[in-house]
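Trainee: can you look at this prediction? I've put the sequence above it.
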Amino acid sequence: MIYDVSMPLREGMPVYANNPPFRRVLTREIARGASANQSELGLGSHTGTHVDAPWHFEPEGARLEKIPPESLAGPARLLHFPGVDRIDRADLGRLDWRGVERVLFRTRNSDHWAAGGGFDPSYVYLTGPGAEFLAERRLKLVGIDGLGVEQFGNKQHPAHHALLRAGIVVVEGLCLARVPAGDYFLFCGPLLVEGGEGAPARAFLMTV
């Protein structure tokens, strides 16, 4: 079984507050006499399902092209956190982390996307202590179904700093509504934007 857990790129799609909207313009159309259909895209680097490279928040952090490919593909554990407003250290400390290299969090954010909702600043997020717990586990990747891993409006950005300083890849904007909790093989392929701090990605979960 293969699950596509990517957010479709479309005009009017939800984007993080103050980010540019997604835009697609047909520049050539067969219906208008052209030999092919062709589009021009306009979007921010953190549109939809996307990867944060360490340089997003760390001045000396690695840029997108320096992310090891093995961080983006491999075994991943999907955890469900229904009915919570945030994921904290205490929530994570109760779980078995033996053998976990990558972790994805499914929350009510995924139900919001499935219902066609727009950007909601009260999305479920990962706290700073929660992120520190994951950094201590030396994971390769942390993904969440909110457009941000951080609490909206937190100008200290503790979750981003804890994860990115540890070299952990952050994936935001996953769509996990149809996916049962469990262990999978993750493939997450961001656009290879040279020098970039982040890029949209296509992500798949495959049963193992």
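Mentor: Now that the structure is in, tell me what you want to look at.

Trainee: please tell me the pLDDT value assigned to the spatially closest residue to Phe185 that is not a sequence neighbour.
Mentor: Closest residue in space to Phe185, ignoring its immediate chain neighbours: Met206 at 4.4 Å, by C-beta to C-beta, 6 or more residues apart in numbering. All C-beta spots, glycine's among them, are computed from the backbone N, C-alpha and C. At Met206, the model reports a pLDDT of 98.

Trainee: starting at the chain centroid, how far to stretch 200-208?
Mentor: Centroid separation for stretch 200-208 versus its chain: 11 Å, with C-alpha atoms, centre = their mean, to the nearest Å.

Trainee: tell me what the residue nearest the centre of the chain is bridged to.
Mentor: With distances taken as C-alpha atoms, centre = their mean, the residue of the chain nearest its centroid is Glu172 (1.9 Å). Beta bridges link Glu172 to His50 when assigned by DSSP bridges.

Trainee: hmm, it is touching Gly48, no?
Mentor: No. With contact defined as C-beta atoms under 8 Å, Glu172 does not reach Gly48; the gap is 9.1 Å.

Trainee: quick one, strands of the protein?
Mentor: 2-4, 23-28, 38-42, 50-52, 73-80, 86-87, 102-106, 125-126, 141-144, 169-172, 182-190, 198-207 (DSSP state E).

Trainee: and Lys66, which of those strands is closest to it?
Mentor: Relative to Lys66, the nearest member of the strands of the chain by C-beta to C-beta is strand 169-172, separated by 10.9 Å.

Trainee: mind giving me the packing neighbours of the closest one?
Mentor: strand 50-52, strand 141-144, helix 158-165 (3 or more C-beta pairs under 8 Å, 6 or more residues apart in numbering; DSSP states H and E).

Trainee: Ala31 is nearest to which of these?
Mentor: strand 50-52 (32.2 Å).

Trainee: tabulate the helices and strands packed on strand 169-172 in CSV, adding columns for mean pLDDT and mean neighbour count.
Mentor: Putting these into CSV (pLDDT from 0 to 100; neighbours: other C-beta atoms under 10 Å) gives the following:
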stretch, mean pLDDT, mean neighbour count
strand 50-52, 98, 28
strand 141-144, 98, 26
helix 158-165, 98, 22
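
Trainee: for the residue nearest to the centre of the chain, give me its contacts.
Mentor: 46, 49-50, 52, 143-144, 146-149 (C-beta atoms under 8 Å, 6 or more residues apart in numbering).

Trainee: list just the nearest of those to Val15.
Mentor: Closest to Val15, out of all of those and judged by C-beta to C-beta, is Leu147, at 7.3 Å.

Trainee: surely Val179 is in contact with His80?
Mentor: No. With contact defined as C-beta under 8 Å, Val179 does not count as touching His80 (9.1 Å).

Trainee: compare the two and say which is more crowded by neighbours.
Mentor: Neighbour count, other C-beta atoms under 10 Å: between Val179 and His80, Val179 has more, with 21 against 16.

Trainee: burial measure for the closest residue to His112 other than its chain neighbours, as a count.
Mentor: Among residues not flanking His112 along the chain, Asp120 sits closest, at 6.0 Å (C-beta to C-beta, 6+ apart). Per other C-beta under 10 Å, the neighbour tally for Asp120 reads 15.
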